[in-house]
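**Student:** sequence first, predicted model second:
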Amino acid sequence: MHAIDLQVLDARMAEQIPAYATPGSAGLDLRACLDEAITLAPGQTTLIPTGLAIHIADPGLAAIILPRSGLGHKHGIVLGNLVGLIDSDYQGQLMVSCWNRGQAEFVIQPFERIAQLVIVPVVQATFRRVDSFDASDRGAGGFGSTGKA
Ligand SMILES: O=c1ccn([C@H]2C[C@H](O)[C@@H](COP(=O)(O)OP(=O)(O)OP(=O)(O)O)O2)c(=O)[nH]1
Ligand SMILES: [Mg+2]
């Protein structure tokens, strides 16, 4: 288990620091740090603060923000940026872009769990410019080149 520095930017979040719900969980739920409920109209996107900041510090790690399955599937509440990427050197507040891609209004309540954070390994690479590649089985084939099914 990695220990990552976390700042509580809003004192109300002190008792709600993200934690894995089960021993096998990959995601840590993020809560909406709101003074009052927000109504998201169909098609609307809004940026929601979490009241928390993390500093991952290790360039070999990053965090991604993903939708919660239930909110996304049942209510159409997903992310305006589809996936959020948190750089290891980011020290600002974790923000969640909430997009109501559904057909009905959705009310986000203060401190409701709105998305999930996953810590992932990252490999940083440099590019070595070449004029041609060593042959591979696939070559330049893509976009269905291996057949439909
Ligand atoms: O859902 C998100 C996505 C990003 N961030 C923060 C952390 C991330 O490290 C920073 C920059 O994100 P990104 O590089 O994806 O955005 P950008 O539009 O390229 O901004 P920048 O020019 O600051 O890199 O914003 C969030 O808080 N929530
Ligand atoms: Mg960027």
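**Tutor:** Noted; the coordinates are in hand. Ligands and ions are numbered 1, 2, ... in the order given.

**Student:** the residue most central in space within the chain: what's it in contact with?
**Tutor:** The structure's the chain has its C-alpha centroid closest to Ile65; by CA atoms, centre = their mean the separation is 0.6 Å. Listed by CB atoms under 8 Å, 6 or more residues apart in numbering, the contact set of Ile65 reads 30, 79, 83-86, 94, 96, 115-118. Placement of C-beta: from N, CA and C, glycine included.

**Student:** what's the burial count for whichever residue of the chain sits closest to ligand 1?
**Tutor:** Scanning the chain for the residue nearest ligand 1 gives Gly84, at 2.2 Å (criterion: CB to the nearest ligand atom). Using other CB atoms under 10 Å, Gly84 has 19 other residues around it.

**Student:** pLDDT at it, what is it?
**Tutor:** Note for Gly84: predicted pLDDT of 98.

**Student:** picking up where we left off before, you'd agree the residue nearest to the centre of the chain is in a helix?
**Tutor:** No. Going by DSSP: H, G, I helix; E, B strand; the rest coil, the assignment for Ile65 is strand, not a helix.

**Student:** who is it paired with across the strands?
**Tutor:** Gly84, Leu117 (DSSP bridges).

**Student:** partner strands of the lengthiest strand in the chain, with direction?
**Tutor:** Using DSSP state E to define each element, the chain has its longest strand at strand 45-55. Strand pairing for strand 45-55, using DSSP bridges, gives strand 5-8 (antiparallel), strand 93-100 (antiparallel).

**Student:** just the buried subset of the contacts of Ile65, written out for ChimeraX, thanks.
**Tutor:** Command for ChimeraX that selects the buried part of the contacts of Ile65, burial taken from 16 or more other CB atoms under 10 Å:
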select :30,79,84,86,94,96,115,116,117
